[in-house]
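**Student:** missing the sequence, but the structure's below:
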């Protein structure tokens, strides 16, 4: 990392860590993860002890419960990523940022590096909290092999870091927090779910390349319709494309 980029990264970290919204967003993520993992663990335990055999999930891993809880928790993390960009456009401080670092590509890259690093660390914390909550609730219906649990926690953190970078890129392109979260909701959930609903093979294959679905295959370690590593690469590709779109928008329009 060269000196100019290092300075831009330091500046972005200072801005992100000095605003209360960052810490409130992190706290919200922790609460949502704890509640979500606990609730899902209760469902598993209850499903294994009632009289309806169709509800019986058997013994599940703690990591699988944490991964399921990420579906809702990720939106708190997305808020952190998009606010790192859109808040500056709303307040007008983006002008000062670009005066200090005239290279708009460097500014966006610095924001992406900081948001990705912060959301990765936050993801480790969130997944760890989810595992700690889910394990005692699952009781005999849960298992937590050390290597698998650590792998799932790191996978969750990686997924959240990439969707955080995706949010930064879209935030730079759209400039509005509300519009960005709408587009993220559509891209991560609404559109792929709509494609999957008819259960038509070609539409399912299209849905499989959307970032939320690709990330889900990565987290689950699927082999069908493609290996989990392909899901990771697809998600990374979406994040990179969003950054390129954001960079083009920053270069084309005035701050």
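**Tutor:** Sure, I can see it. Just so you know, these numbers come straight off a predicted model, no measurement behind them.
**Student:** now residue 185: how far from residue 170?
**Tutor:** Distance of residue 185 to residue 170, given as C-beta to C-beta, to the nearest Å: 11 Å. All C-beta atoms are positioned from the backbone trio N, CA, C, and that covers glycine.
**Student:** model confidence score at the nearest residue to residue 100 once chain neighbours are set aside, please.
**Tutor:** Here the nearest residue to residue 100 in space, its sequence neighbours aside, is residue 11; by C-beta to C-beta, 6 or more residues apart in numbering that works out to 6.9 Å. Predicted confidence (pLDDT) at residue 11: the value is 83.
**Student:** point out where the protein drops to low pLDDT.
**Tutor:** Flagging of the chain using pLDDT under 70 yields the residue ranges 1-3, 51-55, 99, 101-102, 254-255.
**Student:** for this protein, what's the longest helix?
**Tutor:** Determined from DSSP state H, the single longest helix within the chain is helix 104-138.
**Student:** hmm, who's touching stretch 166-180?
**Tutor:** 78-87, 89-90, 108, 111-112, 115, 183-184, 211, 235, 238-239, 241-250 (C-beta atoms under 8 Å, 6 or more residues apart in numbering).
**Student:** no, scratch that, I was asking about stretch 85-92
**Tutor:** Counting by C-beta under 8 Å, 6+ apart, residues outside stretch 85-92 touching it are 19, 21, 93-94, 97, 108, 111, 168, 171-172, 174-177, 180, 246, 255.
**Student:** could you say which helix or strand holds the residue nearest to residue 100?
**Tutor:** Using DSSP states H and E, the element containing residue 11 is helix 3-18.
**Student:** run the chain-centre distance for the next helix or strand after that helix.
**Tutor:** Elements were assigned by DSSP H and E; along the chain past helix 3-18, the next helix or strand is helix 20-49. From the chain centre to the centre of helix 20-49 is a distance of 15 Å (C-alpha atoms, centre = their mean, to the nearest Å).
**Student:** now swap in stretch 158-165 and tell me
**Tutor:** From the chain centre to the centre of stretch 158-165 is a distance of 4 Å (C-alpha atoms, centre = their mean).
**Student:** against residue 136, how distant is residue 186?
**Tutor:** Summarising the geometry, the distance separating residue 186 from residue 136, computed by C-beta to C-beta, is 37 Å.
**Student:** out of the two, which sits in the busier spot?
**Tutor:** The residue with the greater number of neighbours, taking residue 186 and residue 136 and applying other C-beta atoms under 10 Å, is residue 186; the counts read 13 against 10.
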